[in-house]
Each structure stands twice: as C-alpha cells, then as structure tokens.
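3D model of this:
(one chain, ligands or ions: 1)
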Amino acid sequence: MKEFNITVPVVELSYDELTAEERRLVDEARGATHRSYAPYSHFHVGAAILLSNGEVVTGANQENAAFTVGTCAERSACFYAGARHPEARFVEIAVAARGTDGKEVSDPVAPCGACRQALVEYEVLAGHDVPLLLVGKDRIFRLPSVRSSLPLAFSEF
Ligand code: THU
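Predicted coordinates for the structure are as follows:
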C-alpha cells in the first residue's frame, strides 16, 4: 500500500499585487458579473479568459426556468472562447462573483467541479499551465494552473 497527498499551492494577493494584465482580467471578470442572468439564485458570477491572441473573452452565469439547462460563468466563457477563437490558446483565467445582496463576495469563489473539468481541457489544449485567479473583494487567490484546482481530473489524453 502507498499513501500520498496532493497539495494545491495557492498565492493570496491584493489587487495591487497583481500584474497589470491580471488587473485587467480581474476588472473584466468583475464587469461580467453585471451581465449574469440569475433571476433564481441571485448569485452573479463572471469569468474572464485572456487568450494568446490578446483578446479577453468573458462569460457570466445564465440561468433558466428549467434549472439544469442553465450554465455557469466559467463554461459560458470557455465555450464562447472556443467557438469564437478556436485557434487561440488560454493564457489566464479570472472568476469573480456578487452575492445575493448584490455586493462582491469578500472571499474568493472557486469554479464548480464541472467547470474545472471543462477548463482543464482547454489547459491541455494550450500545452502549458493556465493560472487561475479567484477573486474576492479584499483578497485574490492565484492558483498556478487549472489542473491544480482539480487533482485527479479525468483525461483521455
Ligand atoms: N455558478 C457559476 O456561474 N459558476 C460556478 O462555478 C458555480 C456556480 C452559478 C450557477 C448558478 O447560476 C449560481 O452560480 C448559483 O449557484
């Protein structure tokens, strides 16, 4: 028998400690929360993805009266990026959220498991780590890659 641990390295940063490019990405993710359609949960999530062609693609959660049909912010962003810029590769991702009170969450939110799995595939396509910024009002977590957020991710590759 063998036992091992998988650890997730997380760097906690303030907005000012981010690079200029990351601040732009965080601004875009925060802005995208205002394009969320969340009449059921009133929880507004925004995601922004920097692509290798310099474009920033955003997404926001889109809910539906048939609940399971709705889509998270991260998947709306990554599928849009894939559909709009199929040749571009992911460089970095930011996720932000506003709670039911309409205010930005103080602690960072992390993508759900399904979104992590979806994003991992684009990281594999990129062929390199794609850092993930999880944005809260007062603190931001930087994970070195999407895969680090989903240890033991499913992969056929
Ligand atoms: N949501 C996201 O957009 N991303 C996540 O990773 C988790 C949850 C959305 C789905 C739903 O519209 C709302 O947040 C409340 O769960």
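
which strand residues bridge the residue nearest the centre of the chain?
The chain has Val95 as the residue nearest its centroid, 4.1 Å off, counting by C-alpha atoms, centre = their mean. Counting by DSSP bridges, Val95 is bridged to Ala47, Leu134.

surely it and Val45 touch.
Yes - the criterion here is C-beta atoms under 8 Å, and Val95 meets it with Val45 at 6.8 Å. For glycine as for every other residue, the C-beta is placed from the backbone atoms N, C-alpha and C.

overlap of the contact sets of those two?
Residues touching both Val95 and Val45 (C-beta atoms under 8 Å, 6 or more residues apart in numbering) are Ala73, Glu74, Val109.

neighbours around the first one, how many?
Residues contacting Ala73 under the criterion other C-beta atoms under 10 Å number 29.

related to what we said a few turns ago, what sits against the residue nearest to the centre of the chain?
Val95 touches 29, 45-47, 73-74, 108-111, 132-135, counting by C-beta under 8 Å, 6+ apart.

and those as JSON lines, adding pLDDT and distance to Gln62?
As requested, these are exported to JSON lines (pLDDT from 0 to 100; distance: C-beta to C-beta, whole Å):
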{"residue": "Ala29", "pLDDT": "99", "distance to Gln62": "16"}
{"residue": "Val45", "pLDDT": "98", "distance to Gln62": "10"}
{"residue": "Gly46", "pLDDT": "98", "distance to Gln62": "12"}
{"residue": "Ala47", "pLDDT": "99", "distance to Gln62": "12"}
{"residue": "Ala73", "pLDDT": "98", "distance to Gln62": "8"}
{"residue": "Glu74", "pLDDT": "98", "distance to Gln62": "12"}
{"residue": "Pro108", "pLDDT": "97", "distance to Gln62": "22"}
{"residue": "Val109", "pLDDT": "95", "distance to Gln62": "17"}
{"residue": "Ala110", "pLDDT": "97", "distance to Gln62": "19"}
{"residue": "Pro111", "pLDDT": "98", "distance to Gln62": "15"}
{"residue": "Leu132", "pLDDT": "98", "distance to Gln62": "21"}
{"residue": "Leu133", "pLDDT": "98", "distance to Gln62": "22"}
{"residue": "Leu134", "pLDDT": "98", "distance to Gln62": "21"}
{"residue": "Val135", "pLDDT": "98", "distance to Gln62": "20"}
